[in-house]
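Asks: structure for this input, please:
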Amino acid sequence: MHISDGVLSVQVATTLGVVSIGMCAYSLKKIKNKDISLCAAMSALFFIASFIHIPLGPTQIHLILVGVIGAFLGSMSFLPISIALILQATLLGYGGLTSLGANIIVMALPAYLTYIILKLGILKRFSQKIKFFMIGFLGVFFATILLALVLLFAKSEYAIASYAVIAANIPAMILEGIITLFLLMYIKKSMPSLLKEYNI
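Replies: Sure, this is the predicted structure:
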């Protein structure tokens, strides 16, 4: 889901860059001392999850786990995801520096949106296992929609590509939901206090 340099128009890249700086500043303001270690762990989780590529037909998909990150960090998600994206762009060439703001919005905003849905109690009507699945599913769903919108607004010739992005990421939504289900079930078994502390 990383957008490379040169894909976006200057206007879109600049606008999303400014918005991402504002959201990172807001995230930094919300972080308290007790949250720093969890933010660092979630940044590492995002960084490493992107390396797990799973073959799917002629292509590959990879994990992002933004639903999990959002469930624990909420509005603080912007900073750890931004740090991981900066490291990926500078050290590994994933995405680009001019499109960094867009990548931050595409990856971190879904984490925050998943958190809002969780806190509004919309997922309470489901069983716990389905709620855990939905946390992972929604993270990728929102990221896919945002990526498609960014491409659509960037250049008119990306219209077909933006629709293809949505279709191509449906398996990733399901897979991420399943991985998130098992991850949160494991946390529930090994560190139940952590889920209670963050009201998940």
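Asks: ok, the nearest residue to Pro80 once chain neighbours are set aside - contacts?
Replies: In space, Pro80 comes closest to Ser43 once its chain neighbours are excluded; the distance is 3.6 Å by Cβ to Cβ, 6 or more residues apart in numbering. From N, CA and C alone the C-beta is placed, and that goes for glycine too. Counting by Cβ atoms under 8 Å, 6 or more residues apart in numbering, Ser43 touches 79-81, 83-84.
Asks: phi, psi of Asn62?
Replies: Small correction: residue 62 is His, not Asn. Phi and psi for His62, reported as degrees, to the nearest 10, are phi -130, psi 160.
Asks: wait, it touches Phe47, no?
Replies: No: counting by Cβ atoms under 8 Å, His62 stays clear of Phe47, with 11.7 Å between them.
Asks: tell me which of these two has more neighbours.
Replies: The neighbour comparison of His62 against Phe47 (other Cβ atoms under 10 Å) goes to Phe47, with 19 against 15.
Asks: for the chain, just list every one of the helices.
Replies: Secondary structure of the chain, counting by DSSP state H: helices at 10-30, 36-49, 66-73, 78-87, 100-119, 128-154, 159-168, 170-190, 192-197.
Asks: give me whichever of those helices is most buried.
Replies: A comparison of those by mean neighbour count, using mean count of other Cβ atoms under 10 Å, puts helix 66-73 on top with a mean of 29.
Asks: what packs against that helix?
Replies: Helix 66-73 is packed against helix 36-49, helix 78-87, helix 100-119, helix 128-154, helix 170-190, with contacts defined by 3 or more Cβ pairs under 8 Å, 6 or more residues apart in numbering; DSSP states H and E.
Asks: quick one: that helix to helix 100-119, angle?
Replies: 60 degrees (axes from the mean of the first three to the mean of the last three Cα atoms, to 10 degrees).
Asks: CA atoms only for helix 66-73, dumped as CSV, please.
Replies: Extracted C-alpha coordinates of helix 66-73, given in CSV (Å, rounded to 0.1, in the frame of the first residue of the first chain):
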residue,chain,number,x,y,z
VAL,A,66,-3.2,-0.9,11.7
GLY,A,67,-6.5,-2.1,13.3
VAL,A,68,-4.6,-3.5,16.2
ILE,A,69,-2.4,-0.4,16.6
GLY,A,70,-5.5,1.8,16.5
ALA,A,71,-7.4,-0.3,19.1
PHE,A,72,-4.5,0.2,21.6
LEU,A,73,-3.3,3.7,20.7
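Asks: can you give the distance of that helix from its chain's centre?
Replies: How far helix 66-73 lies from its chain's middle: 8 Å, per Cα atoms, centre = their mean, to the nearest Å.
Asks: thank you, goodbye.
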